[in-house]
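Student: quick check, what structure comes out for this input:
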Amino acid sequence: MSVISEKIRVALFSKLNVSGVTSLATGGVFYHHAPNNTSTPYLVFDRVAPGKVKRPVLGNQILEDDLWQLKAVVGEGDSTTKEPVELAQDILEAADTAINETLTVSGNTVEYCKRDFDIPGYKELVNDRWIYHEGFNLRVQTS
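Tutor: Numbers count the residues shown, from 1 in each chain. All right, here's what the predicted structure looks like:
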């Protein structure tokens with residue numbers, strides 16, 4: 001991971017680890033993967049694709065374009081008032097709101113930070129319990 005991407009990871013964790021997100025993702029917010037036996041619901045994020053590094057012909061500016069994935073993981077029965085997919089989508093909306101298309105990256109300028117596209121959800125059976133995964137990709141360009 002590049003130095004700039006590491007700074008983005010820190011900035012994202014800071015933006016996501018707030019009560020607006022953690023009040024819904026009660027299991028926590030994690031980078032890369034959640035520890036074994038983490039209670040659902042939780043949010044996990046990761047850099048899924050290093051983007052293009054653009055170097056203008058004139059000047060020393062470098063523009064790094066990374067793609068990050070945010071995924072809500074919700075178990076069957078995590079809410080008595082909402083279906084698992086609905087709760088997962090609420091977690092993702094809270095994350096999107098927390099990021100609010102802005103990041104502060106130490107020593108760099110964030111040129112673009114926006115939800116890029118949604119990822120098709122899926123469910124898996126784990127220990128006789130359905131676990132639902134919903135997510136979106138976030139594009140972050142920095143210089």
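Student: list phi and psi for Asp66.
Tutor: Backbone dihedrals for Asp66, given as degrees, to the nearest 10, come out at phi -110, psi 150.
Student: distance of it from Ala88?
Tutor: Here the criterion is Cβ to Cβ, to the nearest Å. By it, Asp66 lies 23 Å from Ala88. C-beta coordinates here come from the backbone N, C-alpha and C atoms, glycine included.
Student: of these two, which one has the most company?
Tutor: Neighbour totals were compared for Asp66 and Ala88, and Ala88 leads with 26 against 22 (other Cβ atoms under 10 Å).
Student: tally up the residues packed near the residue nearest to Arg129 when sequence neighbours are not counted, please.
Tutor: Once flanking residues are discounted, Arg129 sits nearest to Glu76: 5.4 Å by Cβ to Cβ, 6 or more residues apart in numbering. Residues contacting Glu76 under the criterion other Cβ under 10 Å number 16.
Student: how near is Glu76 to Asp66?
Tutor: When distance is defined by Cβ to Cβ, Glu76 is 33 Å away from Asp66.
Student: can you check Ser106 too?
Tutor: 16 Å.
Student: which stretches in this structure count as helices?
Tutor: Per DSSP state H, the chain carries helices over the ranges 3-16, 19-22, 84-99.
Student: ok, longest strand in this protein?
Tutor: With secondary structure taken from DSSP state E, the chain has its longest strand at strand 110-126.
Student: partner residues bridging Tyr122?
Tutor: In this structure, Tyr122 has beta-bridge partners His133, where bridges are defined by DSSP bridges.
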